[in-house]
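*Asks:* I would like the atomic coordinates for the input below:
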Amino acid sequence: MSDPIDKILSRSGRLAEMTDVDEVLKDLSRLLKKLVKSSWSAVYLLDREQRDFAPARSCGLPSHYQNLFREMPLVTGKLPLLKNMMHKKQHLQIPDAGESELLTPRFRKLLRNLTLLALPMVVRNQVMGAVFIARSRDYPPFTSEEIDIIRGMVSQAALVVSHIRLIDESLDMAVEMAKRIDIILTLDEINKAISSSLSHEKIIETAIQSIMRFIQCELVTVLGEEKGQLVVTAAHITGIPVPAMLKSGSELSGNCLSCVAFKKGESRYLPFLSKRKRLHPFDKALADAGIESLLAIPLVSRDMPKGVLMLGNIQGGRFVREDAFAIEKIASQMAVALENARLYEDMRSLFISTVTSLANAIDAKSPWTKGHSERVMRISADIAMAMGLDEAITERVRLGGLLHDIGKIGIIEALLEKPTRLSEDEFPPMRLHPEKGVAILAPITQLRKVLPGILHHHERYDGTGYPKGLKGEAIPLEARIITVADSFDAMVSERPYKKGYTMAQALSELRKKAGSQFDAGIVEHFCRYIAGKTPSK
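*Replies:* Sure thing, here's the model as predicted:
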C-alpha cells in the first residue's frame, strides 16, 4: 500500500458527498491509484443507448495515452474482456496483459508488461461501468485483500453515481414535464384566442403573435390556397430585409419548401439553407435575406391542405423536436379556426344577401328611396368603427342599418310613394313601421340582438321620439347610431317635395340638433369621420 489504508478509506467516504458524476469518477481514479502500487487507473461508464464504454476518467496515465483512452470507446462486442465481465459481473485479473487473448491486438500492445485488474461497476445487478487498474509486472499480482478493498470502493462509487444519475434524470424529467405543461397551457391559451374570433384576419394575427412569443424566429408567414396556388396572406418579419416575394398577394409555385409541404400535406424542414447547392428561387430569396433554417407546416382541415405556415430563423438547426411539436399544434388549430371562419363568412354572406334583397324590395317600392337601406347600413358601420366599437356591436349596427325600415313592408304603398310630405292623419300609420319591423324579424334567432336598434331608431335624444319615448342613453347605442345615419341620408337625398342638402348643410343640421334629436357624441364622431374623408381644398 502506498498510503496508510485507514487514511485512504476515510478519504473514500467523501465520494458519498459528491453531486457530480465526473467528480466522483475522477476522485475514484485518484484513490485507486494511491490505494495500491499501480501505474494508472481508468474508469469508464456504460452509455446505455450506444452500449459502449466511454469516455474514460483516469489517473496516472502517460500523457501520450490520455487522449487515446479518453476518446477511444470500448465496444463490448469487440473486446472479449468486457464481454466476459458484462456476462459474469465479476472482476478479472490478467497477470500478463500483453499476451492475453481477452484483449485485442491493439490493447495487448498498449498494455504489455502490465498486470491488469478489471472490475465491473454493478448496481442492482446491472453493469453501469468498468474500472481498470494497471500495475507493472515488476510487482506481484493484486492480492485478495487488495481486490476486496478495491471492490468495496468501486461499489460505493457505483452507488453514488447511480444516485446522482437518478436525481439528474428526475430533474430532467421534471424540467421536461414543466416544458410540456407550459406548451399545453400556451397551446390552450392560443386555442382560446384563435377560437374566440371568426375573423380571418384576427385569427392569423393572433396566431402569428403567439408563435413569435412562443418560438424564437425572425419570420412567420401564412400562405393561403387560391385556385390551387399558394398565395402570401400575411407575413411578420423582424431583423432581416423583406424579400419582394413575401409581399401580400404574391404567388408561389414549383418545388419551394412550402409548395412541397402543401402538395404532400406533410411538414418539411431545411435546417441549413446555406448548405443546399440548389434552392428554389423563393427559398433562395429567404436565404439571401439571412434565413438559415426554414420550417413549412401545412394547414390541414378535413384531411385537405388549406395553406401553409412557414417559419424561418437566421440560425441553422433551430427548430428542435419540441418546437416543431408545438408549431404543428398551433398550425392545426389555425387550420380549423380559418375553415370555421370561412364557413361562417359564407353563411354570413348568404344571410346578408338574403336580408339585403329583402331591404331592397322595400326601397324599390318608391323610386325616391332606392338604395337608402344599404347607404344607411354603410354609414352606420362607418360611425361604429369611427367610435372604436367592438366587432360584435359594429355587426349589430350594420344589420340594424340595413333592416331599419323593413317594417314598411306592412305600410300602405300609397303612403310610401306619396310625392308630398305626409299629413298629420297619414303620419301615425307610418310611425308603426319600427314595431312592425321587429314583429317581422323576431322569429329569426340570428337577429334577436339587432332588434333594439331597429325598434328605437326613431327615438329622440330629448325623449320626444317614438315608439317608446326613450330619452338619452336609455335609447340603445345601436339605435342612436342608426338614427344619425338614417337622418343624414334622408337629408342629402332628393325627394319630390324637397331638394337634397349638400354635405356641409347636412352636417350643420346634425350639429344643430345634437343634444335634442341626436346623441351629440355620435354626431361629433360622424362629423370628424366625414372631415377625415373629405380632401382639404
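
*Asks:* any low-confidence regions in the stretch 351-500 of the chain?
*Replies:* 362-369, 410-430, 496-497 (pLDDT under 70).

*Asks:* Show me the helices in it, by range?
*Replies:* Applying DSSP state H, counting those that start in this stretch to the stretch 351-500 of the chain gives helices spanning 372-386, 391-403, 413-417, 427-431, 433-441, 451-455, 477-492.

*Asks:* Looking at the ones you listed, which is nearest to Ala178?
*Replies:* Closest to Ala178 of those, according to Cβ to Cβ: helix 391-403, at 36.4 Å. C-beta here means a position set from N, CA and C on the backbone, and glycine is covered the same way.

*Asks:* so which of the helices of the stretch 351-500 of the chain comes closest to Leu171?
*Replies:* Smallest distance to Leu171 across those (Cβ to Cβ): 46.7 Å, for helix 391-403.

*Asks:* Pull out the buried positions in the closest one.
*Replies:* 393-403 (16 or more other Cβ atoms under 10 Å).

*Asks:* One more: stretch 108-128?
*Replies:* Residues of stretch 108-128 classed as buried by neighbour count (16+ other Cβ under 10 Å): 108, 110-111, 114-123, 127-128.

*Asks:* cool, stretch 272-280 as well?
*Replies:* Buried residues in stretch 272-280, defined by neighbour count with 16+ other Cβ under 10 Å: 273, 279-280.

*Asks:* ok, now stretch 501-518?
*Replies:* The neighbour-count check on stretch 501-518 (16+ other Cβ under 10 Å) flags 501, 506-507, 509-510, 513-514, 517-518 as buried.

*Asks:* Could you pull up the residues touching the nearest residue to Gly129 once chain neighbours are set aside?
*Replies:* Of all residues not flanking Gly129 in the chain, Met121 sits nearest, at 3.6 Å (Cβ to Cβ, 6 or more residues apart in numbering). With contact set as Cβ atoms under 8 Å, 6 or more residues apart in numbering, Met121 has these partners: 43, 45, 127-131, 154-155, 157-158, 161.

*Asks:* Am I right that Met121 falls within a strand?
*Replies:* Yes: assigned with DSSP: H, G, I helix; E, B strand; the rest coil, Met121 falls within a strand.

*Asks:* distance of it from Ala157?
*Replies:* Distance of Met121 to Ala157, given as Cβ to Cβ, to the nearest Å: 7 Å.

*Asks:* which residues are in contact with both of those two?
*Replies:* With Cβ under 8 Å, 6+ apart, Met121 and Ala157 have common neighbours Val43.

*Asks:* can you tell me which residues contact Asp138?
*Replies:* No contacts exist for Asp138 under Cβ under 8 Å, 6+ apart.

*Asks:* going forward can the numbers begin at 43, since that is how I track them
*Replies:* Done: numbering now begins at 43, and the last item shifts to Asp180.

*Asks:* Make sure it is indeed in a strand.
*Replies:* No: assignment of Asp180 by three-state DSSP gives coil, placing it outside any strand.

*Asks:* contacting residues for Thr263?
*Replies:* Thr263 neighbours (Cβ under 8 Å, 6+ apart): 274, 276-278, 288, 351-354.

*Asks:* Just confirm Gly354 is within a strand.
*Replies:* Yes: the assignment for Gly354 by three-state DSSP puts it in a strand.

*Asks:* you'd agree it is up against Met254?
*Replies:* No: contact criterion Cβ atoms under 8 Å: Gly354 and Met254 do not qualify, at 12.0 Å.

*Asks:* Please identify which of the two sits among more neighbours.
*Replies:* Remark: of Gly354 and Met254, Gly354 carries more neighbours, 28 against 16, as counted by other Cβ atoms under 10 Å.

*Asks:* measure the more buried one to Ser105 for me?
*Replies:* Using Cβ to Cβ, Gly354 is found at 48 Å from Ser105.

*Asks:* before we move on, what about Leu497?
*Replies:* If you go by Cβ to Cβ, the gap between Leu497 and Ser105 works out to 96 Å.

*Asks:* which of these two has more neighbours?
*Replies:* Neighbour count, other Cβ under 10 Å: between Leu497 and Ser105, Leu497 has more, with 23 against 6.

*Asks:* dump the residue contacts of the more buried one.
*Replies:* Taking Cβ under 8 Å, 6+ apart, we find Leu497 in contact with 476-477, 479-480, 509-510, 521.

*Asks:* can you pull the pLDDT of Pro162?
*Replies:* As predicted, Pro162 sits at a pLDDT of 89.

*Asks:* still on that earlier bit, filter the buried residues of stretch 314-322 down to just the ones in strands.
*Replies:* Counting by DSSP state E, none of the members of the buried residues of stretch 314-322 fall within strands.

*Asks:* Out of those, flag the one nearest to Arg360.
*Replies:* Once Cβ to Cβ is applied, the member of the buried residues of stretch 314-322 that ends up nearest Arg360 is Leu315, at 11.6 Å.

*Asks:* so the closest one touches Leu321, yeah?
*Replies:* Yes: Leu315 lies in contact with Leu321 (Cβ under 8 Å); the separation is 6.6 Å.

*Asks:* list the residues that contact both of these two?
*Replies:* Going by Cβ under 8 Å, 6+ apart, residues that sit against Leu315 and also against Leu321 are Ala329.

*Asks:* my guess is Cys569 meets Ser550, correct?
*Replies:* No: using Cβ under 8 Å, Cys569 is not in contact with Ser550, being 9.5 Å away.

*Asks:* any shared contact partners between the two?
*Replies:* By Cβ under 8 Å, 6+ apart, no residue touches both Cys569 and Ser550.

*Asks:* Name the residues linked to Cys101 by a beta bridge.
*Replies:* Ser83 (DSSP bridges).

*Asks:* neighbours around it, how many?
*Replies:* Residues near Cys101, counting by other Cβ under 10 Å, number 20.

*Asks:* Before we move on, what's the pLDDT of it?
*Replies:* So, for Cys101, pLDDT stands at 78.

*Asks:* check contacts around it.
*Replies:* 68, 71-72, 74-75, 82-84.

*Asks:* Tell me the buried residues in the strand or helix carrying Val565?
*Replies:* Here Val565 sits within helix 562-575, counting by DSSP states H and E. Buried residues in helix 562-575, defined by neighbour count with 16+ other Cβ under 10 Å: 564-569, 571-572.

*Asks:* how far is that helix from where the chain is centred?
*Replies:* Its chain's average C-alpha position is 40 Å from that of helix 562-575, according to Cα atoms, centre = their mean, to the nearest Å.

*Asks:* okay, it in CSV with CA atoms only?
*Replies:* This file holds the C-alpha atoms of helix 562-575, laid out as CSV (Å, rounded to 0.1, in the frame of the first residue of the first chain):
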residue,chain,number,x,y,z
ALA,A,562,-74.1,64.8,-29.5
GLY,A,563,-71.2,62.4,-29.1
ILE,A,564,-72.2,60.3,-32.0
VAL,A,565,-72.8,63.4,-34.2
GLU,A,566,-69.3,64.6,-33.4
HIS,A,567,-67.7,61.2,-34.2
PHE,A,568,-69.5,61.2,-37.5
CYS,A,569,-68.6,64.8,-38.4
ARG,A,570,-64.9,64.1,-37.6
TYR,A,571,-65.1,60.9,-39.7
ILE,A,572,-66.5,62.8,-42.7
ALA,A,573,-63.9,65.6,-42.3
GLY,A,574,-61.2,63.0,-42.3
LYS,A,575,-62.5,61.5,-45.6
